[in-house]
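Chemist: sequence and predicted structure, then a few things I'm wondering about:
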Amino acid sequence: MMKKRFLVALGALSGALAACSSDIKAPEGSGAASGTTGNASGGSGNATASGGSGNGTASGGSGNGTASGGSGNGTASGGSGNGTASGGTSTGGTSSGGTGGSPLPTTCQPGIPATTQVPRMLNRQYDAVIRDLLGVTTITSQQGKKASDLLYADFDGPMVSDAWRLYQQTAQAVVAEVWANPAEKSMFMSCDPSATDCLTNTIKSFGRKAFRHPMSDAEVQRFQALGATMPAGTPDEVAQATLEAFLESPSFIYIPELTTTMDSSGAGIALSSYEVAARLSFLLWGSVPDDMLNQAADNNQLGTKDQILQQATRMVAVKDKSGPMIADFHRVAWAQDDNTATSHWWKMDHDGNPLYQSALKPTYQAEINDFFDDVAFSGGSFKDLFLSNTAFVTKDTAAIYGLDGSMYGADLTKVTLDATQRPGFMTRIGFLSSYSHPSDTSPILRGAFVTVHMIGVDPGPPLPGATMTPVPPGNYTTNRDKITALTSSQDACKACHNPYINPPGFVLENYDSIGKWQTVDPLTGTINPVADVTFADGDVRTMHNAQELMTALSTLPKSKEIYANAWVQYATGRQMNNNDQCLVDQINTKLSGDGYSVLNMIADATQADSFRVRVQATP
């Protein structure tokens, strides 16, 4: 692809990124966050620096030496600083939201939580960025894989050598893909690389988008230095090396927030208009700003909440860009499809059922994504997540919903199902087939999901060995009878299962192990979905069917709070704290009223003071 002489400068990035600090929240000029001289964040240190200066190799730094998109007193790549500098990550690193850890706070304490200065792009964001910048969606040389399939899995903490190696390899694969496709190449460079000023203009125009700020003269000069190596490369080789340098620069891989101007409120450091634009675009689109957002940043029109909300409202309405984030939040962060040990999504197969195909799990997942997007973009609100009877089917999945598969093709098609039988996402194939056993339903798995993640009551893990307890001998005619006997066989089990876990699962017994509607149990007995569900201490209600259960959940205050909490954690990328609890409370109050749409809630995450003002951790 490119001759080795052009990779010498790029190779200098490796040591710099691998040495990147694990905590980049130190005040400017303080050295490391621990207060020691060494790793620095936005300041200076005598060893390695992140967005600051030191006296060694620089990545995201400046100085004098061999340069790859940058310069340094040794070797450098893209940015400013005199040390081994390379962005950095927060304590805890880049996050896609989620829950866990210590008990969540419940009291609002006004203020701005400390945040990372240099978060790293998530892999899903990397895919979206190279799609928007270069038109690349798959890598032909890698069997049509996405670029993120070639990267190290998302991780917390500083850059590690294996991750950096994969960033390099992926950048090279992307460059090869771009150079083999004239349309993609034109998105990077629209002129003849041998023409006067072509490369300089390309560096400025592409750099503005890739680095999310106008390129300074110094930055442009550092990239131009790629063409000054000896022996000289051809204009085409230099152009390829330039693109690779962009894709391997910390200013591309990371999303730095290094402004030091205090906000007029005195609450913290005001983000620049370019930093606010990046926050907006990476939150709502998982990608770089578009031309309209860049123009607003250039005109310094992102300094107030109203200006930010105007852009957020515009951006969240662009379904092609915000849809993946909205689906990801609902499915992964809220509905717990996070691939952890406690998640049951997609881990069960039902190969003995002729209507089910394990190979169609991506289709079942895509339906869940489409369901959440449909609720959001049809103006739906929180209650519609539980009550919408919209589904998406193919010729292979229609029969599970009682539809004629011959009426549909291979692509998902929107349909309307029976509102009494199919309210909300928990009556779709994806959820029901995941929270089941291979050949029969699992009231325990389904009930535990509802109880813990929707109602907010956590009875704790099962007792040691409980999952190995055999079903007492008996002539059972329904799975419900069998589960009742099993969980009533020990007092310790009965205390949690009978009042909390089993009842919501029993209400969902009309759906078989893959989600098909049933009124007669495979054990020959008649399905009885009636159960007394505990929604809170002293709030026990008799539910007669799934529609009643979903209606109750859609109006439950605790369920709304859980939803608001999940969104705030996802949007901020950090665990809940007393400061962010204030935003949870504000969103939760709006969820309690009518007409507050999912898209309204998504946009409202940008209205917290912490969205435009940052506070650094105490060293």
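Modeler: Good, I have the coordinates.
Chemist: got a list of what Pro235 touches?
Modeler: Residues counted as contacts of Pro235 (CB atoms under 8 Å, 6 or more residues apart in numbering) are Asp192, Pro193, Ser194, Cys198, Leu199. For the C-beta atoms, the positions are set from N, CA and C on the backbone; glycine is no exception.
Chemist: among the residues you listed, which ones are buried?
Modeler: Applying 16 or more other CB atoms under 10 Å to those, the neighbour count classes Pro193, Cys198, Leu199 as buried.
Chemist: name the helix or strand for the last one, please.
Modeler: For Leu199, the enclosing helix or strand under DSSP states H and E is helix 198-210.
Chemist: just the CA coordinates of that helix, formatted as PDB?
Modeler: Presented in PDB, the C-alpha positions along helix 198-210 are these (Å, rounded to 0.1, in the frame of the first residue of the first chain):
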ATOM      1  CA  CYS A 198      -4.200  20.100  -3.500                       C
ATOM      2  CA  LEU A 199      -2.700  18.300  -0.500                       C
ATOM      3  CA  THR A 200      -2.700  21.500   1.600                       C
ATOM      4  CA  ASN A 201      -6.400  22.100   0.900                       C
ATOM      5  CA  THR A 202      -7.200  18.500   1.600                       C
ATOM      6  CA  ILE A 203      -5.400  18.600   4.900                       C
ATOM      7  CA  LYS A 204      -7.400  21.700   5.900                       C
ATOM      8  CA  SER A 205     -10.800  20.500   4.700                       C
ATOM      9  CA  PHE A 206     -10.600  16.900   5.800                       C
ATOM     10  CA  GLY A 207      -8.800  17.800   9.000                       C
ATOM     11  CA  ARG A 208     -11.700  20.200   9.900                       C
ATOM     12  CA  LYS A 209     -14.100  17.300   9.900                       C
ATOM     13  CA  ALA A 210     -11.800  14.500  11.200                       C
END
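Chemist: re the thing from before, turn the contacts of Pro235 into a markdown table, including distance to Ser378 and pLDDT.
Modeler: Compiled in a markdown table, the contacts of Pro235 are given as follows (distance: CB to CB, whole Å; pLDDT from 0 to 100):
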| residue | distance to Ser378 | pLDDT |
| --- | --- | --- |
| Asp192 | 48 | 96 |
| Pro193 | 47 | 95 |
| Ser194 | 52 | 94 |
| Cys198 | 47 | 96 |
| Leu199 | 47 | 96 |
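Chemist: now the residues you listed in CSV, with distance to Asp481?
Modeler: As requested, the contacts of Pro235 are exported to CSV (distance: CB to CB, whole Å):
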residue, distance to Asp481
Asp192, 78
Pro193, 75
Ser194, 80
Cys198, 77
Leu199, 76
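Chemist: what comes up buried for the helix holding Leu199?
Modeler: Quick answer for helix 198-210 (16+ other CB under 10 Å): Cys198, Leu199, Thr202, Ile203, Lys204, Phe206, Gly207, Arg208, Lys209, Ala210.
Chemist: the fifth one reaches Met215, doesn't it?
Modeler: Spelled out, it's Lys204. Yes. Lys204 lies in contact with Met215 (CB atoms under 8 Å); the separation is 5.2 Å.
Chemist: returning to that earlier point: tell me what the helix holding Leu199 is packed against?
Modeler: When contacts are defined as 3 or more CB pairs under 8 Å, 6 or more residues apart in numbering; DSSP states H and E, helix 198-210 packs onto helix 123-134, helix 217-224, helix 235-248.
Chemist: going along the chain, name the strands of the protein.
Modeler: For the chain, the strands defined by DSSP state E occupy 40-41, 48-50, 58-59, 66-67, 75-77, 84-85, 269-270, 390-393, 413-416, 531-536, 539-543, 613-614.
Chemist: still on that earlier bit, how far does the helix holding Leu199 sit from the chain's center?
Modeler: 29 Å (CA atoms, centre = their mean, to the nearest Å).
Chemist: hmm, who's touching it?
Modeler: For helix 198-210, contacts defined as CB under 8 Å, 6+ apart pick out 133, 188-193, 214-215, 219-220, 223-224, 227, 235, 238-239, 242-243, 246-247, 251-252, 288-289, 294.
Chemist: buried subset of those residues?
Modeler: Burial by neighbour count, judged by 16+ other CB under 10 Å, picks out 133, 188-189, 193, 215, 219-220, 223-224, 227, 238-239, 242-243, 246-247, 251-252, 288-289, 294 from those.
Chemist: was I right about Tyr570 contacting Ala333?
Modeler: Yes. Counting by CB under 8 Å, a contact exists between Tyr570 and Ala333, whose distance comes to 4.3 Å.
Chemist: Met468: neighbour count?
Modeler: When counting by other CB atoms under 10 Å, one arrives at 7 neighbours for Met468.
Chemist: now do the contacts for it.
Modeler: Neighbours of Met468 in contact, by CB under 8 Å, 6+ apart: none.
Chemist: what is in contact with Lys204 and Met215 at once?
Modeler: Residues touching both Lys204 and Met215 (CB under 8 Å, 6+ apart): none.
Chemist: how about the helix ranked longest in the chain: buried residues?
Modeler: Of all the segments assigned as helix in the chain under DSSP state H, the longest by residue count is helix 161-179. For helix 161-179, a neighbour-count test (16+ other CB under 10 Å) marks 163-164, 167-168, 170-179 as buried.
Chemist: show me which of those is closest to Leu412.
Modeler: Nearest to Leu412 among the buried residues of helix 161-179 is Glu177, at 28.1 Å by CB to CB.
Chemist: and the closest one, how far from Ser141?
Modeler: Between Glu177 and Ser141 the distance is 7 Å, computed by CB to CB, to the nearest Å.
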